[in-house]
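>>> Fold the following for me, if possible:
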Amino acid sequence: MRKLTSTQGQLFHWPPKRRREALPRHGVARLAQEFLAIVRPGLWSIRQAFPHHQFHPLVSLFEKHMEARSFTPHFQPVCQDDVDRLNACVKAMRDEARSTAFRVRRDKHHKLVRSNTTGLLELIDRLFLLHSQLLVIRMDISYCRHSLEPWRALSVTKEEAVNHRDQMIRYLKRKCPFRPVGYAWKLEFTQGTGWHTHLLLFFDANQHQQDLPIATHIGRHWNDVITRGLGRHHISNFEAHQYRGVGKIHYTDVAKLWALRTLVAPYLTKVDYYVRMVLSKGRTFGRSELPDIPETKRGRPRALPSARVADYVPPIPISNTKTKERPPMKRGRLVDTKASVVPLRPSMPRSSTEVSCRPVRSYPRGLGNGQWMSAGKSWKL
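Residues are numbered from 1 along each chain as shown. Predicted coordinates for the structure are as follows:
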């Protein structure tokens, strides 16, 4: 829809007579094909999957004009009249999308998403100003599957889900033996999972060292005490290789800070950009209050400066295909050896998704003088 509203001219056309036998030959542009790919299935299945949600204004605009012109699912243009209807629909969408009223509604939708994301990132920044290292836990709390229909969750009302979520937040703030210094939550609903809540918890890593026992304790309390055997939970810290921004994070670890700010934290808020849950009462996103930063901090000042996430360059993912570029050969033959990857910076963690295509100067294990590293493989010269 963003591409559609930014273009001009007729999107669809009917082929000339000499090509009429190749029906249906409508629209040669790729944008026209993408538009028809959305028209044919319709939005009824999406509406059924998200009954409590409000879609992006562009999606609502598309749905409004589709219903006004009675485009049914599996629509296929077979004549000039159908093509004229499509072009008229596209023109009406473009005109309304460029109006002032629609832009105000779109900006209001974007402002809400940006405010939630900005507030969460500000909470993270203030916590790292007060604590040198944090223990970050990402987990999801939901309800068990139906015994007879395992593809869907148990039938839980909205009021029960909100009540259980409030009990969990009160437990974390008052009675939990592991008190978080900050938290954020996001309430969502899907057909397969039902009502569920995403939790992002921050603990003082100088007092709590292990994230998995803490997350397991909180998950069991949700399963056994709050929901009385109806709940289940998923701990993302068990998959630390996929979620780099969880676990123990030091204020100088720029790689983990970048992952926390750009991958983990926005996961709770960026989904509202496309589809946002709307409740008659209550909120769908919340976080702890921003802690006050004292003007003069007591104790010894920090020995190292805080990491600058804005200057961090994310790692380059390795493709499955072999690289076509080879380092220049000087003497001898090219030998493929097993070696670990070369970090781009000293603070970057070594992983199978990080690669450097520059000469090795500080050689990791398995690399010696005169070896090069590219696309996950090294060659000995």
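
>>> got a pLDDT number for the residue most central in space within the chain?
For the chain, the residue whose C-alpha lies nearest the mean C-alpha position (Cα atoms, centre = their mean) is Y267; its distance is 4.0 Å. Note for Y267: predicted pLDDT of 85.

>>> Would you confirm that it contacts L199?
No - under the criterion of Cβ atoms under 8 Å, Y267 lies out of contact with L199, with a separation of 11.5 Å. Heads up, the C-betas are built off the backbone N, CA and C, glycines and all.

>>> end-to-end on stretch 139-159?
The distance separating the two terminal residues of stretch 139-159, taken as Cα to Cα, to the nearest Å, comes to 22 Å.

>>> next one: stretch 274-292
With Cα to Cα as the measure, stretch 274-292 spans 33 Å from end to end.

>>> so the closest residue to the residue nearest to the centre of the chain other than its chain neighbours, which of the three states?
Beyond its immediate neighbours in the sequence, the residue positioned closest to Y267 (Cβ to Cβ, 6 or more residues apart in numbering) is H198, lying 7.2 Å away. Classification of H198 into helix, strand or coil gives strand, according to DSSP: H, G, I helix; E, B strand; the rest coil.

>>> Domains in the protein, by residue range?
What automatic domain parsing lists as the domains of the chain is 2-98, 124-287, 313-381.

>>> Determine which of those domains shows the lowest mean per-residue pLDDT.
Least confidently modelled of the domains of the chain is domain 313-381, at a mean of 43 by mean pLDDT.

>>> So H198 is in contact with D140, correct?
Yes - assessed by Cβ under 8 Å, H198 is found in contact with D140 at 5.6 Å.

>>> Looking at those two, which has the bigger crowd around it?
The neighbour comparison of H198 against D140 (other Cβ atoms under 10 Å) goes to H198, with 21 against 17.

>>> ok, what's across the strand from that one?
Under DSSP bridges, the beta-bridge partners of H198 are D140, K186.

>>> Also R145?
Applying DSSP bridges to R145 yields these beta-bridge partners: A153.

>>> what about it, neighbour count?
16.

>>> same thing with I137?
Residue crowding around I137 was assessed by other Cβ under 10 Å; the count is 24.

>>> Looks to me like it is in a strand.
Yes - applying three-state DSSP, one finds I137 inside a strand.

>>> That one touches D211, doesn't it?
Yes - the pair I137 / D211 is scored as a contact, 5.4 Å apart, by Cβ under 8 Å.

>>> Now for these two: what residues contact both?
Taking Cβ atoms under 8 Å, 6 or more residues apart in numbering as the contact rule, I137 and D211 both touch 203, 237, 246.

>>> Of the residues you listed, which is the nearest to Q54?
Relative to Q54, the closest of those is V246; by Cβ to Cβ it sits at 30.0 Å.

>>> In three-state terms, label the nearest residue to M1 once chain neighbours are set aside for me.
Counting by Cβ to Cβ, 6+ apart, L58 is the residue found nearest to M1 once chain neighbours are left out, at 4.0 Å. Classification of L58 into helix, strand or coil gives helix, according to three-state DSSP.

>>> just to revisit the earlier point, of the shared contacts of I137 and D211, which is the most crowded?
Neighbour counts for the shared contacts of I137 and D211, by other Cβ under 10 Å, peak at V246, which reaches 27 neighbours.

>>> I figured it was touching L212, is that so?
No - assessed by Cβ under 8 Å, V246 is found out of contact with L212, at 10.5 Å.

>>> Return every residue with contacts to both of those two.
A shared contact of V246 and L212, defined by Cβ under 8 Å, 6+ apart, is any residue touching both; here these are N237.
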